[in-house]
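K.L.:
make a model of this:
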Amino acid sequence: MSRGVNVIGGIGAFCTLFLCACAGSGGDGGTTLEVPLGANAQNVALTGGATQQVVYSKTLPGQTAFTGLSLDLATAIANTTLTFPVPKPGLRAAPTKGTATLNAWVAGAGEEATVCGGGIPYGPFTITWDAASASGSVDSPTVAVTQSTLSIVNTGSFTLCVEVTPTLTASASVARVGLSLNHCNDPVRDISGTWTGTYTCINTPKPDCGDEVDQPITLNVNQNGHSASYTDGTANFQGTECNGVFPFEGGGAGYTEEGTFTLLTPNTASKTSDWRDTFPGAVCSGHCTDTLTRI
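P.N.:
Next up is the predicted model:
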């Protein structure tokens, strides 16, 4: 999510970037922007070997409805400059090749005490820098946020923890970063409530992981604007509803699942998903289809 901005540009730059991403909701289905970072990302002091950590909370104006959000880190690197300390006479200049490691976590409002290490994780990410060529690179040029993060952002409030550890001591400035976003223009459609029905899962490998045919299921869906979540037993899932379509992801201990819930009529829906679970002596996975009715 944040890697190029903060490692090279400092913690304040990442916070500024994420706020620009959220505030710039605009209103079209897909937009690519270059976002100026402003004064917060200029002349940021980085100390080699020292880990910096910041927790930041934000409440956004109005109800947002992002269905996709990613950062173009290559643009941030291309618009980054580093200034290194001038050595005292007779002393060797400090190294001008190095790396920086970034970790970030996102959580809901009011989770400032636990977001660092306890929120939705991004990273570790690595940026390398060569002052001789005034160029840098990042281990992945694009970072897309997850459905779980979109669900939090779309409630209108979030908490962010950013942790950065550079190997170089320098002053960093970042002019701009690239941003790609998708935004839902459709009115909120109500998918909340208790849904019951049946599911069928075709599972692998066999014979350890048998198929499940026409099994009963109950989902409890909560909705806050376009942001939605549901529970299925002890598992929890999050995502963003748009035009009655709710992509989700989540799970529980050792279990992950992602898929799409689709509203067919005001009180009927379908759900398709792919899951993976670890059992003693076996790792099972499968593809499931659900038929659901709201009660």
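K.L.:
helix, strand, or coil at the residue lying farthest from the centre of the chain?
P.N.:
Here the chain reaches farthest from its C-alpha mean at G90, the gap being 47.6 Å by Cα atoms, centre = their mean. Judged by DSSP: H, G, I helix; E, B strand; the rest coil, the three-state class of G90 is coil.
K.L.:
next one: F261
P.N.:
Secondary structure for F261, judged by three-state DSSP, is strand.
K.L.:
wouldn't it be in contact with K271 here?
P.N.:
Yes. Counting by Cβ atoms under 8 Å, K271 is a contact partner of F261 at 4.7 Å. Using the backbone N, CA and C atoms, a C-beta is placed for each residue, glycine as well.
K.L.:
joint contacts of those two?
P.N.:
Shared contacts of F261 and K271, defined by Cβ atoms under 8 Å, 6 or more residues apart in numbering, comprise L292.
K.L.:
ok, the two, which is more surrounded?
P.N.:
Neighbours per residue, other Cβ atoms under 10 Å: of F261 and K271, the larger number sits with F261, 25 against 22.
K.L.:
got the contact list for that one?
P.N.:
By Cβ under 8 Å, 6+ apart, F261 lies in contact with I191, V221, Y230, G239, V245, F246, P247, F248, A269, S270, K271, L292.
K.L.:
among the residues you listed, the buried ones, what's the ChimeraX command?
P.N.:
A single ChimeraX command is used to select the members of the contacts of F261 judged buried by 16 or more other Cβ atoms under 10 Å:
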select :191,221,230,239,245,246,247,248,269,271,292
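K.L.:
looking at the contacts of F261, which is nearest E111?
P.N.:
G239 (19.1 Å; Cβ to Cβ).
K.L.:
tell me which element that closest one is part of?
P.N.:
Assigned by DSSP states H and E, G239 belongs to strand 235-240.
K.L.:
in that strand, which residues are buried?
P.N.:
For strand 235-240, the neighbour count (16+ other Cβ under 10 Å) marks A235, F237, Q238, G239, T240 as buried.
K.L.:
domains of the chain?
P.N.:
3-183, 193-294 (automatic domain parsing).
K.L.:
for the last one, what is the average pLDDT?
P.N.:
Which is domain 193-294. Across domain 193-294, the average pLDDT comes to 93.
K.L.:
so G117: helix, strand or coil?
P.N.:
Assigned with three-state DSSP, G117 falls in the helix class.
K.L.:
ranges for the helices of this structure?
P.N.:
Counting by DSSP state H, one finds helices in the chain at the ranges 3-9, 11-23, 73-78, 115-118, 147-153.
K.L.:
which neighbouring elements make contact with the strand holding G239?
P.N.:
Strand 235-240 is packed against helix 147-153, strand 227-232, strand 245-252, strand 255-265, with contacts defined by 3 or more Cβ pairs under 8 Å, 6 or more residues apart in numbering; DSSP states H and E.
K.L.:
at 6 Å what do you get?
P.N.:
helix 147-153, strand 245-252 (3 or more Cβ pairs under 6 Å, 6 or more residues apart in numbering; DSSP states H and E).
K.L.:
please work out which of the ones you listed is packed deepest.
P.N.:
Among those, helix 147-153 has the highest mean neighbour count (mean count of other Cβ atoms under 10 Å), at a mean of 23.
K.L.:
which strands and helices sit next to that helix?
P.N.:
strand 235-240, strand 245-252.
K.L.:
identify whichever of those strands lies nearest to C161.
P.N.:
Ranking those by proximity to C161 (Cβ to Cβ) places strand 235-240 first, at 18.5 Å.
K.L.:
let me know the angle separating the closest one from strand 245-252.
P.N.:
Angular relation of strand 235-240 and strand 245-252 on a 0 to 180 degree scale: 150 degrees, by axes from the mean of the first three to the mean of the last three Cα atoms, to 10 degrees.
K.L.:
what segments of the stretch 151-295 of the chain are strands?
P.N.:
Taking DSSP state E, counting those that start in this stretch, the strands of the stretch 151-295 of the chain run over residues 157-166, 170-174, 176-183, 193-204, 212-224, 227-232, 235-240, 245-252, 255-265, 268-279, 282-294.
K.L.:
quick one: the fourth one to strand 212-224, angle?
P.N.:
Compare the direction of strand 193-204 with that of strand 212-224 by the same axes, to 10 degrees and you get 140 degrees.
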